[in-house]
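Peer 1: Quick one: sequence and predicted model below, then my questions.
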Amino acid sequence: MVTMSRREWAGSVLAGTLAAVSPKPQTYAVVGAGVFGAWTAYHLLAAGHKVILLDEYGPASSRASSGGETRIIRCAYGPDEVYTRMAHRSLSLWSNFCEQTGLDLLHRVGVLWIATPNNEYAQQSREMLRKVGVQFEDISASELARRYPQIQSESGAVAIYEPESGALMARRAVQAVVEQFVKHGGVYRHAAVKAPHGKGKLRSVLTNQRESIAADAFVFACGPWLGKVFPDLLGNRIFPTRQEVLFFGIPPGDRRFEPPQLPVWIDFGDNRGMYGFPDIETRGFKLAFDHHGPAFDPDSESRLVTPDKIKEAREYVAERFPALADAPIVDSRVCQYENTSNGDFVIDRHPEFENVWFAGGGSGHGFKHGPAVGEYTAARVTGRADPAVEPRFSLASKGTEQHRSVY
């Protein structure tokens, strides 16, 4: 692990960004220590500000969208240049963070996009990856079968392979960002914050421990709780859904389902919306459902997978990964997406509070973007930089009816 002074650390974080160390430090309170909130606090601190970070359940807790073992980091987003560039930037920031801390949180095991030969989204992804400068490889049907015989793809299926992408150790990564934030002078509080009321300028927020937290500005990065914090504004614009994940045990001594024999994979040619991970850190073969589940309350609902999802997962595995057809389920998780109407993030100023911002709406694809979202949010909040304001992240762009966006 590299030991750096506060100044050296700040310089390394801000290198290559539009931000700069502020000559007039302000005080910021960030509510929510998931991936968006943790990285926003991290960037604000690097810019020289005083920052307090708060979370009611703890960084990347079992209730959080940022919790759990792993998340994909990949750059292919069809024709979408905004998210392709953000993912590419975040991949660099995650890599730098791991290098600075000496932590093994980014597994570059590659990401394999499996699709039909004429899939329009895949072709658009190829074009955008070339434009942005992301390394990738086209894999023919015969090469796909040769390299990955453990995958029974549909006849004629081809693939895009991103060799520099892979998997992030989600919970550990967020906790590490918070630890580094505290190490370099940030303040963390394990406390619930009461929803603010009124308009104009917010002076302070009150915790459940009756501690008043004063700040010059506030960022609420509360994931699926944003609609509860701001019910009138976001209650019908953030749609938490139940998402189930299962881990299948690997047959004894079988190395076909661990890296590098198997990368992270996305079955984009299948309308069931399935994706998964190889056996990373001996956790088992992870299978996840990308299609939106039913509405979900992150505070109170059960985190046990349903028999129907177990049945659906087993049917899929038997079809696509037949060697795992009789494998036991060794672990499972229920998390949530916090969807917006169009799948875009919402990063904007509160329309009635001049010094209150929110950052959320990860919509199932937000984790990988955490470093870039934190960078963008910190720049917008401080006004010290002038990033191109992305209109898709505005509150005004979010409707009140949920739609499925493929990311």
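Peer 2: Done, it's in.

Peer 1: Quick check: residue 364 touching residue 242?
Peer 2: No. Under the criterion of C-beta atoms under 8 Å, residue 364 makes no contact with residue 242, lying 11.8 Å away. Quick note: C-beta positions are derived from backbone N, CA and C, even for glycine.

Peer 1: who touches both of the two?
Peer 2: Common neighbours of residue 364 and residue 242 (criterion: C-beta atoms under 8 Å, 6 or more residues apart in numbering): none identified.

Peer 1: ok, and the closest non-adjacent residue to the residue nearest to the spatial centre of the chain?
Peer 2: Note on the chain: the residue nearest the mean C-alpha position is residue 367, at 0.6 Å, using C-alpha atoms, centre = their mean. The shortest distance from residue 367 to any non-neighbouring residue, by C-beta to C-beta, 6 or more residues apart in numbering, is to residue 71 (4.0 Å).

Peer 1: Roughly how far does the residue nearest to the centre of the chain sit from residue 170?
Peer 2: According to C-beta to C-beta, to the nearest Å, residue 367 stands 6 Å off from residue 170.

Peer 1: now residue 295
Peer 2: Per C-beta to C-beta, residue 295 is found 23 Å from residue 170.

Peer 1: So for these two, which residue has more residues nearby?
Peer 2: Neighbour tally, residue 295 and residue 170, criterion other C-beta atoms under 10 Å: the higher count belongs to residue 170, 25 against 12.

Peer 1: where does the nearest residue to residue 204 once chain neighbours are set aside land on pLDDT?
Peer 2: Nearest non-adjacent residue to residue 204, counting by C-beta to C-beta, 6+ apart: residue 214, 4.2 Å away. With respect to pLDDT, residue 214 scores 98.

Peer 1: Neighbours of residue 214, how many?
Peer 2: So residue 214, with other C-beta under 10 Å, has 12 neighbours.

Peer 1: The residue nearest to the centre of the chain: what's it in contact with?
Peer 2: Contact analysis of residue 367 by C-beta under 8 Å, 6+ apart lists 35, 65-66, 71, 73, 168, 170.

Peer 1: Inside strands: which ones of the residues you listed?
Peer 2: Among the contacts of residue 367, DSSP state E puts 71, 73, 168 in strands.

Peer 1: Which one of those residues is nearest to residue 275?
Peer 2: residue 71 (10.8 Å; C-beta to C-beta).

Peer 1: Isn't the closest one up against residue 171?
Peer 2: No. Applying C-beta under 8 Å, one finds residue 71 not in contact with residue 171, separated by 9.6 Å.

Peer 1: Using CSV, write out every CA atom in stretch 231-249.
Peer 2: Only the C-alpha atoms of stretch 231-249 are listed here, as CSV (Å, rounded to 0.1, in the frame of the first residue of the first chain):
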residue,chain,number,x,y,z
PRO,A,231,-41.7,11.7,-1.1
ASP,A,232,-43.4,14.7,-2.8
LEU,A,233,-40.5,15.2,-5.3
LEU,A,234,-39.1,11.7,-5.9
GLY,A,235,-41.7,9.3,-4.4
ASN,A,236,-43.1,8.7,-7.9
ARG,A,237,-39.9,9.0,-9.8
ILE,A,238,-37.7,6.4,-8.1
PHE,A,239,-39.1,2.8,-8.4
PRO,A,240,-37.3,0.2,-6.2
THR,A,241,-37.7,-3.3,-7.5
ARG,A,242,-36.8,-6.7,-6.0
GLN,A,243,-33.8,-8.4,-7.7
GLU,A,244,-32.7,-11.9,-6.9
VAL,A,245,-29.3,-13.4,-7.2
LEU,A,246,-28.2,-17.1,-6.8
PHE,A,247,-24.8,-18.8,-6.4
PHE,A,248,-24.4,-22.3,-7.7
GLY,A,249,-21.7,-24.6,-6.3
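
Peer 1: buried stuff in that stretch?
Peer 2: Residues 233-234, 237-249 are the ones in stretch 231-249 that count as buried (16 or more other C-beta atoms under 10 Å).

Peer 1: How about stretch 261-271?
Peer 2: 261-270.

Peer 1: where's residue 219 relative to residue 294, distance?
Peer 2: Taking C-beta to C-beta, one finds residue 219 at 30 Å from residue 294.

Peer 1: of these two, who's got more company?
Peer 2: Neighbours were counted for residue 219 and for residue 294 using other C-beta under 10 Å; residue 219 has more, 29 against 9.

Peer 1: quick one: the more buried one from residue 79, how far?
Peer 2: Using C-beta to C-beta, residue 219 is found at 31 Å from residue 79.

Peer 1: Also residue 188?
Peer 2: Going from residue 188 to residue 79 by C-beta to C-beta gives 40 Å.

Peer 1: go on, residue 361?
Peer 2: 21 Å.

Peer 1: Kindly report the same for residue 43.
Peer 2: Distance of residue 43 to residue 79, given as C-beta to C-beta: 29 Å.

Peer 1: okay, these two: which has more neighbours?
Peer 2: The residue with more neighbours, out of residue 43 and residue 79, is residue 43; 29 against 13, by other C-beta under 10 Å.

Peer 1: can you tell me how far residue 83 sits from residue 128?
Peer 2: From residue 83 over to residue 128 the distance is 9 Å, taken as C-beta to C-beta.

Peer 1: Now do the shared contacts for those two.
Peer 2: Joint contacts of residue 83 and residue 128 (C-beta under 8 Å, 6+ apart) are residue 77.

Peer 1: Who has more neighbours out of those two?
Peer 2: residue 83 (24 against 20).

Peer 1: and which of the contacts of residue 367 is nearest residue 106?
Peer 2: Nearest member of the contacts of residue 367 to residue 106, counting by C-beta to C-beta, is residue 168, at 5.9 Å.

Peer 1: Tell me the pLDDT of the closest one.
Peer 2: 98.

Peer 1: if I look at it, how far off is residue 349?
Peer 2: Counting by C-beta to C-beta, the gap from residue 168 to residue 349 is 29 Å.

Peer 1: The two: which has the busier surroundings?
Peer 2: More crowded of residue 168 and residue 349, by other C-beta under 10 Å: residue 168, with 24 against 16.
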